[in-house]
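K.L.:
pasted the sequence and its predicted model underneath.
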Amino acid sequence: MLTERLKKRLEKDRPTTSITLRIPVDVVESLKEIAPLKGFSGYQTLLKSYISEGLRKDEERYSDMSTTRLIEALKKHGVSEAVIEEATRDLAES
């Protein structure tokens, strides 16, 4: 199941912005050495890959936490386990 956010991230012509990021010289040198070994055309592409990977992990982690908190709140308000399980199953199938 792809979320709308993930679908947008897979689009080829997404708008981009330039940023300035101060990174130690030795880190940039390491990125330049590793980039071709991992099949990247340059260190900036590798850096974007690292950022994307970390961001996806955090989004998944915090999304799961939000779902867990919502389930706990529903239980606290008397919503039955059966209803919660059915709703989570429906969500997973959509």
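P.N.:
Received it, and whenever you're ready, just let me know what you need.
K.L.:
and the helix ranked longest in the chain, how far out from the chain's middle?
P.N.:
What stands out as the longest helix in the chain, according to DSSP state H, is helix 43-76. Here the centre of helix 43-76 is set off from its chain's centre by 5 Å, with Cα atoms, centre = their mean, to the nearest Å.
K.L.:
and the helix or strand that comes right after it, what does it pack onto?
P.N.:
As assigned by DSSP states H and E, the chain's next helix or strand after helix 43-76 is helix 81-93. With contacts taken as 3 or more Cβ pairs under 8 Å, 6 or more residues apart in numbering; DSSP states H and E, helix 81-93 sits against helix 43-76. In this view, the C-beta of every residue, glycine as well, is placed from N, C-alpha and C.
K.L.:
if we use 7 Å, what do you get?
P.N.:
Contacting helix 81-93 under the criterion 3 or more Cβ pairs under 7 Å, 6 or more residues apart in numbering; DSSP states H and E is no other helix or strand.
K.L.:
in the longest helix of the chain, which residues are buried?
P.N.:
Of the residues in helix 43-76, Tyr43, Leu46, Leu47, Ile71 count as buried by neighbour count, 16 or more other Cβ atoms under 10 Å.
K.L.:
hmm, which of those is lowest in pLDDT?
P.N.:
Ranked by pLDDT, these bottom out at Ile71 (85).
K.L.:
rewinding a little: in JSON lines: the buried residues of helix 43-76, plus distance to Asp26.
P.N.:
JSON lines is the format used below for the buried residues of helix 43-76 (distance: Cβ to Cβ, whole Å):
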{"residue": "Tyr43", "distance to Asp26": "12"}
{"residue": "Leu46", "distance to Asp26": "15"}
{"residue": "Leu47", "distance to Asp26": "14"}
{"residue": "Ile71", "distance to Asp26": "45"}
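K.L.:
and the two most separated of those?
P.N.:
Largest separation among those by Cβ to Cβ: Tyr43 and Ile71, giving 42.2 Å.
K.L.:
and Glu11, what element?
P.N.:
Applying DSSP H and E, one finds Glu11 in no helix or strand.
K.L.:
that one: neighbour count?
P.N.:
The number of residues packed around Glu11, counting by other Cβ atoms under 10 Å, is 8.
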